[in-house]
Each structure stands twice: as C-alpha cells, then as structure tokens.
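Q: have a look at this prediction, sequence included:
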Amino acid sequence: MEQIAEKIGAGLSGKPFEGTLKFDCGDDGVIVLADGTASTQDQTTDCTIKITQDNLVKLLTGKLNPMTGVMMGKLKISGDMGVAMKLGKLIG
C-alpha cells in the first residue's frame with residue numbers, strides 16, 4: 001500500500017485538492033488523501049471509497065472505469081460524492 005500511496009502522492013504534487021478522501025482496501029489497509037498528500041495513516045474523511053487493492057491499481061492505471069466499477073460493485077462510495085468526483089481530474 002505504501003508504494004501505491006507514493007504514486008498517488010506524486011500525482012497530487014502541486015495540485016489543489018479540497019476535501020479528504022480515503023481508499024479503504026479492507027485488510028490490505030487504507031490510503032488517505034488529505035492536505036495535498038497521500039498516506040497510509042487511517043483517519044476520518046469526507047469521502048470513503050471501498051475497493052480491493054487490485055481494483056485500486058486498475059482504477060489508478062485506467063484499466064477500471066470508475067462508473068463501471070460502481071455499477072459492477074467493484075467499488076463503493078460513501079460520504080461526499082463531490083470529493084470523489086474531483087479525484088478523477090487529479091489522477092486521470
């Protein structure tokens with residue numbers, strides 16, 4: 001998870017991101033985006049995306065479309081949907 005967090009953090013570098021978001025990968029851990037950084041330290045966030053680590057990698061590499069992922073149940077979004085929508089502009 002640490003390597004994935006580093007790649008996401010590099011993608012966020014210098015780009016404004018309002019709000020906080022957590023990728024919850026269950027037993028594999030979490031990645032939290034807050035204050036322009038990505039970390040593996042769990043905390044309360046505005047939005048949580050429940051996703052497996054494998055599907056997170058696919059999402060970040062463009063092999064999993066976010067809308068398709070939601071419709072197929074491969075990811076579940078809870079909290080502020082607006083924060084999740086901003087994510088696509090940052091890592092896409």
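A: Structure's in. What do you need? Numbering: from 1, shown residues only.

Q: and Gln53, how many neighbours?
A: The number of residues packed near Gln53 is 16, by other Cβ atoms under 10 Å. For every residue, glycine as well, the C-beta is placed using N, CA and C.

Q: nope, Lys74 is what I was after
A: Applying other Cβ under 10 Å, we find 19 residues neighbouring Lys74.

Q: and it, what does it touch?
A: If you count contacts by Cβ atoms under 8 Å, 6 or more residues apart in numbering, Lys74 has them with 51-52, 55, 64, 68.

Q: now for these: which two are most distant?
A: Spatially, the most separated pair among the contacts of Lys74 is Thr52 and Thr68, at 14.9 Å (Cβ to Cβ).

Q: who has more neighbours, the two?
A: Comparing Thr52 with Thr68 by other Cβ under 10 Å, the one with more neighbours is Thr52, at 14 against 10.

Q: confidence score at the more buried one?
A: Looking at Thr52, its pLDDT reads 97.

Q: returning to what we had before: Val30: which of the contacts of Lys74 is nearest?
A: Ile51 (10.5 Å).

Q: what about Leu33, which SS state?
A: Using DSSP: H, G, I helix; E, B strand; the rest coil, the structure places Leu33 in strand.
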